[in-house]
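Engineer: The sequence and its predicted three-dimensional model are supplied below.
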Amino acid sequence: MTSQELTNYFHYHNANMKLLRIGFEEIKLQIKSLYRKTNKLGQVIFLLADNDPKKMELQEKELALSRILSGIQVSWAEESIKRLLYESKIFTDVQRNFLINKKALDQKWYGCLLIVFSIAYDLILPGDELCQNVKVKNEKRNLGEELVEQYEEMRKVILDHLIPTFSIRNKVQHGEWKFAFEAPVSAVYSQDLTDGIAAENIVTTTARFHIVNAFYNMLLDMGRFKSNAFALDSIQTPFEYFYKSYIAKINAQVEVIQNPEIAQFRRKVAESAQRSGLYKK
(Lines give C-alpha, C1' and ligand atoms only; values in the text may rest on other atoms or scores of the structure.)
Protein backbone atom coordinates (compact mmCIF):
# COMPACT_ATOMS: atom_id res chain seq x y z
CA MET A 1 0.00 0.00 0.00
CA THR A 2 1.40 3.39 -0.98
CA SER A 3 1.69 6.25 1.47
CA GLN A 4 -1.19 8.06 -0.25
CA GLU A 5 -3.42 4.97 -0.13
CA LEU A 6 -2.65 4.55 3.56
CA THR A 7 -3.64 8.19 4.16
CA ASN A 8 -6.83 7.77 2.13
CA TYR A 9 -7.89 4.65 4.02
CA PHE A 10 -7.21 6.33 7.35
CA HIS A 11 -9.45 9.22 6.31
CA TYR A 12 -12.19 6.81 5.21
CA HIS A 13 -12.25 5.16 8.62
CA ASN A 14 -11.93 8.50 10.36
CA ALA A 15 -15.01 9.74 8.48
CA ASN A 16 -16.91 6.64 9.60
CA MET A 17 -15.94 7.33 13.19
CA LYS A 18 -17.06 10.94 12.92
CA LEU A 19 -20.54 9.78 11.93
CA LEU A 20 -20.56 7.15 14.68
CA ARG A 21 -19.71 9.81 17.27
CA ILE A 22 -22.48 12.06 15.94
CA GLY A 23 -24.93 9.17 16.15
CA PHE A 24 -23.76 8.24 19.63
CA GLU A 25 -24.18 11.76 20.99
CA GLU A 26 -27.53 12.21 19.24
CA ILE A 27 -29.01 9.04 20.76
CA LYS A 28 -27.71 10.10 24.19
CA LEU A 29 -29.52 13.42 23.79
CA GLN A 30 -32.72 11.60 22.83
CA ILE A 31 -32.50 9.40 25.92
CA LYS A 32 -31.92 12.39 28.19
CA SER A 33 -34.87 14.18 26.57
CA LEU A 34 -37.13 11.33 27.73
CA TYR A 35 -36.12 12.05 31.33
CA ARG A 36 -37.25 15.68 30.87
CA LYS A 37 -40.67 15.03 29.36
CA THR A 38 -43.74 16.32 31.19
CA ASN A 39 -47.42 15.32 31.16
CA LYS A 40 -50.43 17.60 30.64
CA LEU A 41 -50.23 18.69 34.27
CA GLY A 42 -46.64 19.83 33.82
CA GLN A 43 -45.26 16.97 35.93
CA VAL A 44 -41.93 15.48 34.92
CA ILE A 45 -42.97 11.95 34.02
CA PHE A 46 -39.81 10.18 35.17
CA LEU A 47 -40.42 11.53 38.68
CA LEU A 48 -43.80 9.80 38.87
CA ALA A 49 -44.51 6.32 40.25
CA ASP A 50 -43.15 3.37 38.26
CA ASN A 51 -46.67 2.15 37.50
CA ASP A 52 -47.68 5.41 35.84
CA PRO A 53 -48.72 4.51 32.24
CA LYS A 54 -46.86 7.45 30.68
CA LYS A 55 -43.70 6.59 32.59
CA MET A 56 -43.93 2.95 31.51
CA GLU A 57 -44.29 4.10 27.91
CA LEU A 58 -41.19 6.30 28.18
CA GLN A 59 -39.24 3.47 29.80
CA GLU A 60 -39.94 1.30 26.75
CA LYS A 61 -38.59 4.06 24.51
CA GLU A 62 -35.57 4.43 26.78
CA LEU A 63 -34.87 0.71 26.48
CA ALA A 64 -35.09 0.80 22.69
CA LEU A 65 -32.80 3.83 22.41
CA SER A 66 -30.34 2.29 24.88
CA ARG A 67 -30.01 -0.77 22.67
CA ILE A 68 -29.32 1.45 19.65
CA LEU A 69 -26.68 3.24 21.74
CA SER A 70 -25.02 -0.09 22.63
CA GLY A 71 -24.90 -1.03 18.97
CA ILE A 72 -23.25 2.25 18.04
CA GLN A 73 -20.72 1.90 20.85
CA VAL A 74 -19.54 -1.50 19.67
CA SER A 75 -19.46 -0.27 16.07
CA TRP A 76 -17.22 2.51 17.40
CA ALA A 77 -14.91 -0.09 18.99
CA GLU A 78 -14.75 -2.06 15.75
CA GLU A 79 -14.13 0.96 13.57
CA SER A 80 -11.52 2.22 16.06
CA ILE A 81 -9.32 -0.79 15.48
CA LYS A 82 -9.76 -0.49 11.72
CA ARG A 83 -8.60 3.11 11.89
CA LEU A 84 -5.66 2.12 14.10
CA LEU A 85 -4.44 -0.25 11.38
CA TYR A 86 -4.06 2.71 9.01
CA GLU A 87 -2.33 5.06 11.43
CA SER A 88 0.84 6.36 9.81
CA LYS A 89 4.15 4.51 10.27
CA ILE A 90 3.01 1.80 12.65
CA PHE A 91 2.12 -1.41 10.81
CA THR A 92 3.63 -2.97 7.72
CA ASP A 93 1.33 -4.19 4.94
CA VAL A 94 1.95 -7.78 6.05
CA GLN A 95 1.02 -7.00 9.65
CA ARG A 96 -2.02 -4.95 8.62
CA ASN A 97 -3.41 -7.66 6.33
CA PHE A 98 -2.80 -10.30 9.00
CA LEU A 99 -4.83 -8.31 11.55
CA ILE A 100 -7.58 -7.36 9.11
CA ASN A 101 -8.18 -11.01 8.26
CA LYS A 102 -8.69 -12.05 11.87
CA LYS A 103 -12.42 -12.75 12.12
CA ALA A 104 -12.99 -12.20 15.83
CA LEU A 105 -12.84 -8.64 17.15
CA ASP A 106 -11.12 -9.70 20.37
CA GLN A 107 -8.36 -11.40 18.37
CA LYS A 108 -7.81 -8.19 16.41
CA TRP A 109 -7.28 -6.29 19.68
CA TYR A 110 -4.97 -8.97 21.13
CA GLY A 111 -3.04 -9.08 17.87
CA CYS A 112 -2.70 -5.31 17.68
CA LEU A 113 -1.44 -5.12 21.24
CA LEU A 114 1.19 -7.81 20.70
CA ILE A 115 2.49 -6.39 17.42
CA VAL A 116 2.50 -2.76 18.57
CA PHE A 117 4.24 -3.69 21.83
CA SER A 118 6.80 -5.76 19.91
CA ILE A 119 7.44 -2.86 17.52
CA ALA A 120 7.83 -0.38 20.39
CA TYR A 121 10.32 -2.51 22.30
CA ASP A 122 12.25 -4.14 19.43
CA LEU A 123 10.99 -7.66 20.07
CA ILE A 124 10.38 -8.57 16.43
CA LEU A 125 12.85 -11.18 15.25
CA PRO A 126 14.03 -11.56 11.63
CA GLY A 127 11.48 -13.56 9.68
CA ASP A 128 8.81 -13.13 12.36
CA GLU A 129 7.04 -9.98 11.20
CA LEU A 130 3.77 -11.20 12.73
CA CYS A 131 5.37 -11.74 16.16
CA GLN A 132 4.20 -15.34 16.36
CA ASN A 133 7.30 -16.30 18.31
CA VAL A 134 7.26 -13.33 20.68
CA LYS A 135 6.61 -14.29 24.31
CA VAL A 136 6.35 -11.07 26.26
CA LYS A 137 6.26 -12.92 29.60
CA ASN A 138 9.79 -14.17 28.90
CA GLU A 139 11.15 -10.65 28.37
CA LYS A 140 11.32 -9.50 32.00
CA ARG A 141 15.12 -9.56 32.05
CA ASN A 142 15.25 -7.60 28.79
CA LEU A 143 12.46 -5.07 29.42
CA GLY A 144 12.07 -5.10 33.18
CA GLU A 145 9.15 -6.41 35.19
CA GLU A 146 7.17 -3.16 35.06
CA LEU A 147 6.80 -3.07 31.27
CA VAL A 148 5.87 -6.75 31.09
CA GLU A 149 3.28 -6.24 33.84
CA GLN A 150 1.86 -3.28 31.93
CA TYR A 151 1.51 -5.45 28.82
CA GLU A 152 -0.29 -8.14 30.83
CA GLU A 153 -2.54 -5.52 32.40
CA MET A 154 -3.52 -4.28 28.93
CA ARG A 155 -4.35 -7.83 27.88
CA LYS A 156 -6.56 -8.04 30.95
CA VAL A 157 -8.37 -4.85 29.88
CA ILE A 158 -9.22 -6.58 26.59
CA LEU A 159 -10.39 -9.71 28.39
CA ASP A 160 -12.39 -8.05 31.15
CA HIS A 161 -13.72 -4.89 29.52
CA LEU A 162 -13.62 -5.12 25.72
CA ILE A 163 -14.67 -8.72 25.11
CA PRO A 164 -17.88 -8.39 27.21
CA THR A 165 -18.82 -5.45 24.98
CA PHE A 166 -18.47 -7.63 21.89
CA SER A 167 -20.80 -10.19 23.46
CA ILE A 168 -23.38 -7.46 24.03
CA ARG A 169 -22.99 -6.44 20.37
CA ASN A 170 -23.74 -9.96 19.19
CA LYS A 171 -27.03 -9.98 21.08
CA VAL A 172 -28.07 -6.40 20.28
CA GLN A 173 -27.19 -6.55 16.58
CA HIS A 174 -29.19 -9.76 16.24
CA GLY A 175 -32.31 -8.17 17.67
CA GLU A 176 -32.23 -9.72 21.14
CA TRP A 177 -32.93 -6.43 22.84
CA LYS A 178 -34.87 -7.66 25.87
CA PHE A 179 -34.59 -11.46 25.97
CA ALA A 180 -31.32 -13.11 24.92
CA PHE A 181 -30.57 -16.61 23.69
CA GLU A 182 -27.50 -18.81 23.63
CA ALA A 183 -25.14 -18.78 20.65
CA PRO A 184 -24.67 -19.80 17.94
CA VAL A 185 -28.25 -20.13 16.64
CA SER A 186 -30.25 -18.58 19.50
CA ALA A 187 -32.29 -21.74 20.05
CA VAL A 188 -32.09 -21.74 23.86
CA TYR A 189 -33.15 -18.88 26.16
CA SER A 190 -30.39 -17.61 28.50
CA GLN A 191 -31.21 -15.81 31.73
CA ASP A 192 -27.54 -14.85 32.23
CA LEU A 193 -27.30 -13.20 28.81
CA THR A 194 -30.66 -11.54 29.35
CA ASP A 195 -29.45 -10.11 32.67
CA GLY A 196 -26.29 -8.84 30.97
CA ILE A 197 -28.25 -7.06 28.27
CA ALA A 198 -30.70 -5.65 30.82
CA ALA A 199 -27.83 -4.05 32.76
CA GLU A 200 -26.83 -1.89 29.79
CA ASN A 201 -27.97 1.74 29.82
CA ILE A 202 -26.78 5.22 28.89
CA VAL A 203 -24.34 5.33 31.82
CA THR A 204 -22.66 1.94 31.25
CA THR A 205 -22.50 2.35 27.47
CA THR A 206 -20.90 5.78 27.76
CA ALA A 207 -18.31 4.32 30.15
CA ARG A 208 -17.52 1.54 27.65
CA PHE A 209 -17.08 4.21 24.97
CA HIS A 210 -14.46 5.98 27.12
CA ILE A 211 -12.61 2.71 27.84
CA VAL A 212 -12.20 2.04 24.11
CA ASN A 213 -10.86 5.56 23.55
CA ALA A 214 -8.34 5.30 26.38
CA PHE A 215 -7.11 1.90 25.19
CA TYR A 216 -6.82 3.14 21.60
CA ASN A 217 -4.70 6.10 22.69
CA MET A 218 -2.43 3.84 24.73
CA LEU A 219 -1.76 1.71 21.65
CA LEU A 220 -1.24 4.83 19.56
CA ASP A 221 1.32 6.28 21.97
CA MET A 222 3.09 2.94 22.09
CA GLY A 223 3.24 2.54 18.32
CA ARG A 224 4.21 6.07 17.40
CA PHE A 225 7.03 6.57 19.86
CA LYS A 226 9.38 3.61 19.80
CA SER A 227 12.05 2.91 22.42
CA ASN A 228 13.32 6.13 24.01
CA ALA A 229 13.57 8.17 20.81
CA PHE A 230 10.76 10.49 21.91
CA ALA A 231 11.05 10.25 25.66
CA LEU A 232 9.23 13.03 27.47
CA ASP A 233 11.53 13.11 30.45
CA SER A 234 14.70 11.63 28.87
CA ILE A 235 13.73 8.20 30.26
CA GLN A 236 10.09 7.43 29.52
CA THR A 237 8.22 7.32 26.22
CA PRO A 238 4.73 8.90 26.07
CA PHE A 239 3.19 5.44 26.54
CA GLU A 240 5.21 4.87 29.72
CA TYR A 241 4.77 8.43 30.93
CA PHE A 242 0.98 8.47 30.58
CA TYR A 243 0.38 4.80 31.37
CA LYS A 244 -0.84 5.28 34.95
CA SER A 245 -3.09 8.12 33.86
CA TYR A 246 -4.74 6.01 31.15
CA ILE A 247 -5.18 3.02 33.46
CA ALA A 248 -6.71 5.31 36.08
CA LYS A 249 -9.21 6.55 33.48
CA ILE A 250 -10.07 3.00 32.49
CA ASN A 251 -10.48 1.90 36.12
CA ALA A 252 -12.72 4.89 36.82
CA GLN A 253 -14.98 3.87 33.94
CA VAL A 254 -14.96 0.25 35.10
CA GLU A 255 -16.21 1.43 38.47
CA VAL A 256 -19.00 3.33 36.72
CA ILE A 257 -20.01 0.15 34.85
CA GLN A 258 -20.02 -1.85 38.07
CA ASN A 259 -22.00 0.83 39.93
CA PRO A 260 -23.85 2.78 37.23
CA GLU A 261 -26.40 4.39 39.56
CA ILE A 262 -28.74 4.78 36.59
CA ALA A 263 -31.71 5.62 38.82
CA GLN A 264 -29.82 8.56 40.30
CA PHE A 265 -28.74 9.65 36.82
CA ARG A 266 -32.34 9.66 35.57
CA ARG A 267 -33.55 11.49 38.65
CA LYS A 268 -30.84 14.14 38.40
CA VAL A 269 -31.81 14.98 34.80
CA ALA A 270 -35.54 14.86 35.63
CA GLU A 271 -35.20 17.07 38.72
CA SER A 272 -33.20 19.58 36.70
CA ALA A 273 -36.06 19.71 34.19
CA GLN A 274 -38.53 20.15 37.04
CA ARG A 275 -36.58 23.06 38.50
CA SER A 276 -36.38 24.64 35.07
CA GLY A 277 -40.16 24.31 34.65
CA LEU A 278 -40.84 25.89 38.02
CA TYR A 279 -38.46 28.74 37.21
CA LYS A 280 -40.27 29.43 33.92
CA LYS A 281 -43.62 29.50 35.73
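Structural biologist: Ah, there it is.

Engineer: Look up how far E255 lies from the spatially closest residue to L105 that is not a sequence neighbour.
Structural biologist: Leaving aside its sequence neighbours, L105 sits nearest to F166 (CB to CB, 6 or more residues apart in numbering; 5.0 Å). Quick note: C-beta positions are derived from backbone N, CA and C, even for glycine. To E255, F166 is 21 Å away according to CB to CB, to the nearest Å.

Engineer: neighbour-wise, which of these two wins?
Structural biologist: Just comparing F166 and E255: by other CB atoms under 10 Å the higher neighbour count belongs to F166, 16 against 11.

Engineer: Could you count how many residues lie near the residue nearest to G196 when sequence neighbours are not counted?
Structural biologist: With CB to CB, 6+ apart as the criterion, G196 has its nearest non-adjacent residue at 6.8 Å, and that residue is I168. Residues lying near I168 (other CB under 10 Å) number 23.

Engineer: what sits against I168?
Structural biologist: S70, V74, G196, I197, E200 (CB atoms under 8 Å, 6 or more residues apart in numbering).

Engineer: helix or strand for the spatially most central residue of the chain, which one?
Structural biologist: When the chain is reduced to its mean C-alpha position, the nearest residue by CA atoms, centre = their mean turns out to be V212, at 3.1 Å. Using DSSP states H and E, the element containing V212 is helix 202-224.

Engineer: Please enumerate residues in contact with stretch 124-140?
Structural biologist: Against stretch 124-140 from outside (CB under 8 Å, 6+ apart): 92, 94-95, 98, 114-115, 117-118, 121, 123, 147-148, 151-152.

Engineer: same thing but at 7 Å, please
Structural biologist: T92, V94, Q95, F98, L114, I115, F117, S118, L123, V148, Y151 (CB atoms under 7 Å, 6 or more residues apart in numbering).

Engineer: Among those, the buried ones, what's the PyMOL command?
Structural biologist: To isolate the buried ones among the contacts of stretch 124-140 in PyMOL, judged by 16 or more other CB atoms under 10 Å, type:
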select buried, resi 95+98+114+115+117+118+123+148+151
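
Engineer: In contact with the closest residue to H13 other than its chain neighbours, which residues?
Structural biologist: Take H13 and drop its neighbours on the chain: the residue closest to it by CB to CB, 6+ apart is R83, 3.9 Å away. Neighbour list for R83: F10, H13, N14, M17 [criterion: CB under 7 Å, 6+ apart].

Engineer: Closest to L143 out of those?
Structural biologist: Ranked by distance to L143 (CB to CB), the contacts of R83 are led by F10 at 29.7 Å.

Engineer: For the closest one, grab the count of nearby residues.
Structural biologist: 17.

Engineer: what's the answer for A187, then?
Structural biologist: The number of residues near A187, taken as other CB under 10 Å, comes to 8.

Engineer: Please apply the same query to the one 5 residues further on.
Structural biologist: Applying the criterion other CB under 10 Å, we find 9 residues in the vicinity of D192.

Engineer: pretty sure H210 contacts Q253?
Structural biologist: Yes - counting by CB atoms under 7 Å, H210 touches Q253, with 4.8 Å between them.

Engineer: Would you tell me what the next helix or strand after the helix or strand of the chain with the lowest mean pLDDT is?
Structural biologist: The weakest-scoring helix or strand in the chain, judged by mean pLDDT, DSSP states H and E, is helix 163-173 (a mean of 82). Using DSSP H and E, the helix or strand that follows helix 163-173 in sequence is helix 191-198.
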